[in-house]
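Visitor: Need the 3D shape of this:
(2 chains, ligands or ions: 1)
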Amino acid sequence: MSPKTLYDKIWDAHVAHQAEDGTCLLYIDRHLVHEVTSPQAFEGLRMAGRKVRAPEKTIAVPDHNVPTTEGREDPAQMTEESRIQVQALDKNARDFGIHYYPVSDIRQGIVHIVGPEQGWTLPGMTVVCGDSHTATHGAFGALAHGIGTSEVEHVLATQTLIQKKSKNMKVEITGKLNPGVTAKDITLAVIGKTGTAGGTGYVIEYCGEAIRDLSMEGRMTVCNMAIEGGARAGLIAPDQKTFDYVQGRPHAPKGAQWEAALNWWQTLYSDDDAHWDKVVTIKGEDIAPVVTWGTSPEDVLPITATVPNPEDFTGGKVEAARRSIEYMGLTPGQKLSDIAIDTVFIGSCTNGRIEDLRAAAAILKGKKIKDGIRAMVVPGSGLVRAQAEEEGIADIFKEAGFEWRLAGCSMCLAMNPDQLAPGERCAATSNRNFEGRQGRGGRTHLLSPAMAAAAAITGKLTDVRELM
Amino acid sequence: MDKFEKLQGIAAPMPLINIDTDMIIPKVFLKTIKRSGLGVNLFDEMRYNADGSENPDFVLNKPQYRDAEILVAGDNFGCGSSREHAPWAIKDFGIKCVISTSFADIFFNNCFKNGILPIVLPQEQVDTLMKDAEKGANARMTVDLEAQEITTSDGETIPFEVDAFKKHCLLNGLDDIGLTMEKAAAIDTFESQSAQSRPWV
Ligand code: SF4
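Guide: From the prediction side, this is the model:
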């Protein structure tokens, strides 16, 4: 047998049909659905008189639009349009008989946090969702990627996707990380190196000692942002940590099925002599705590650096950098650690898991946020929130001056009332710093949860190592 | 789905790189449960001032580009979210073809599902087309999908590549779901085999 990558193995196990030109029908094991990208797909099914082919493999949860304040079960708390979308999802989930976690359910949360938490996401699966950050689930060694609404409808109707295979890219992070450096810094550093189009046409497998050393939470953070690097998906080979995380979750296999699954999962790794179309290697010790200065996730620099000069770039990036720096209200040469912020947002499918909250709380413990800073924690799911309350982390946040919210996407994309005002500057643990992403005219600096906590204390972008 | 065969129209130049889906259609307009009507909000934050008035400097607000049907764009167009609202807005505005050096993967696929042809060309040729587009409304470009050829207003022809299956679907306005339904037997077989080999799924 010819050597294969992990991606090759999962792909081969899911091809239901292959046409002569290489176009495949890829079978989908899990389909996650949220309220923003699905209404038109369900409408399409109804109009064509079609059913959901595999409702037992389809899971829906409202997350993008939901308020994160107490009393939100009351529909009056939502804007008219959000209410229409959430109610449409309620109805579609019921009419088509798919698994559903409404806002009133403690298991509700961001779809990419709920899937793994409930054991829906398992190694070796194909997982799709009408959301680009589906890449998160790749942390389990699942082939997971975002799709558009037409494809959502296609998967609902046929449980397959029409796909052509991507190329294989290996991103290896060797050695150990330095103190203060986290999974978020790894994933941002990779994008800083490869650019936001560096992964276009590829599925990335992250490997190397620094990746192996990460917890499952950290691995999810890394894979989450594969899409910001342009890749179709990011993957990490499953290992004992993966199996330990999965075992016992509500929808994980049990008994003899667990044994059978484990047998297969243990074969899911890239063979030594497998072919890679592209390889990127970064030394773990070369990665510093980073922040973004611009409006593209590739605009990444160590916190110790200064705002670049547009003239330092070449080609189309010169104009893009000029535009970014103007939008962000910065001056070339300014120290990143001198940038004062107005707001701190901790949450999102990138960094809304328990480990992220623990990391931020470790910095905040016994401290207060700077006067005048608006700071908000939005746990990724109701269960993360409950666990943080049990561990006393919620109290640390509250005593420091953070708002302690209910689960949802919240200010990651500001479709609910949590938004930045024009010119407001935010240190955010989310994944996109695009113009207007967190509110029209809002300015976003991406960073890790520990760095976000440090910024909340000092009121400016701060090297977390100074507070450790 | 609408067929795409041959298009002769005005091309608007947008040389900015990394135009993301939030720029194409900001999330405030994602709250619809319909596919139509998004064209007025295409590029909303660049196209309109905070008070709702038009920004006269934005390319699609210039008289010569208001009826553009082709967009010539900078590198990595459509990066960011999977929102199909982006191609819906582009289509609703009247743009049927986007040309760039590269596209984000999901956006690229979403275009084909909506009768929009995204064309990838090397930098040099995108530069040629960008210059042609900058000439304004009199410079009509022709995009011929069957022949896989773009003709500039000066008559220069530039060939392009397109996936054979996607081309076939666009030319004939075929709906993917219908096509896949024809292969239901293969899906049934796969499903029953995997119920044996991977019963935990
Ligand atoms: S948290 Fe942000 S990135 Fe993640 S699914 Fe929600 S909106 Fe998308």
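
Visitor: Please name every helix or strand in contact with the lengthiest helix in chain A.
Guide: Of all the segments of type helix in chain A, defined by DSSP state H, the longest one is helix A:80-96. For helix A:80-96, the elements it packs on are helix A:39-48, strand A:58-60, strand A:99-100, judged by 3 or more CB pairs under 8 Å, 6 or more residues apart in numbering or on different chains; DSSP states H and E. From N, CA and C alone the C-beta is placed, and that goes for glycine too.

Visitor: winner for burial among those?
Guide: Counting by mean count of other CB atoms under 10 Å in any protein chain shown, strand A:58-60 has the highest mean neighbour count of the helices and strands packed on helix A:80-96, with a mean of 24.

Visitor: circling back to that earlier point, closest one to the ligand among the helices and strands packed on helix A:80-96?
Guide: Distance to the ligand, taken as CB to the nearest ligand atom, is lowest for strand A:58-60 among the helices and strands packed on helix A:80-96, at 13.7 Å.

Visitor: Give me the angle between the longest helix of chain A and helix A:39-48.
Guide: 50 degrees (axes from the mean of the first three to the mean of the last three CA atoms, to 10 degrees).

Visitor: All the strands of the stretch 1-150 of chain A, in order from the start?
Guide: Along the stretch 1-150 of chain A, the stretches classed as strands by DSSP state E, counting those that start in this stretch are A:15-18, A:24-27, A:30-33, A:58-60, A:99-100, A:126-129, A:143-146.

Visitor: Next, format those as CSV and append distance to A:Arg83.
Guide: Converted to CSV, the strands of the stretch 1-150 of chain A look like this (distance: least, CB to CB, whole Å):
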stretch, distance to A:Arg83
strand A:15-18, 38
strand A:24-27, 35
strand A:30-33, 18
strand A:58-60, 16
strand A:99-100, 17
strand A:126-129, 22
strand A:143-146, 25
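
Visitor: Show the model's pLDDT score for B:Lys34.
Guide: Listed pLDDT for B:Lys34 reads 89.

Visitor: and it, how many neighbours?
Guide: Residues within reach of B:Lys34, counting by other CB atoms under 10 Å in any protein chain shown, total 10.

Visitor: Stretch B:157-172: which residues count as buried?
Guide: B:Ile158, B:Phe160, B:Val162, B:Phe165, B:Lys166, B:Lys167, B:Cys169, B:Leu170 (16 or more other CB atoms under 10 Å in any protein chain shown).

Visitor: Which of the three states applies to the nearest residue to A:Pro422 once chain neighbours are set aside?
Guide: Nearest residue to A:Pro422 in three dimensions, chain neighbours excluded: A:Gly441, at 2.8 Å (CB to CB, 6 or more residues apart in numbering or on different chains). Three-state call for A:Gly441 (DSSP: H, G, I helix; E, B strand; the rest coil): coil.

Visitor: Now do the contacts for A:Gly441.
Guide: A:Leu420, A:Ala421, A:Pro422, A:Gly423, A:Glu424, B:Ala50 (CB atoms under 8 Å, 6 or more residues apart in numbering or on different chains).

Visitor: Residue of chain B closest to the ligand, please.
Guide: In chain B, no residue comes nearer to the ligand than B:Ser81, which is 7.2 Å away by CB to the nearest ligand atom.
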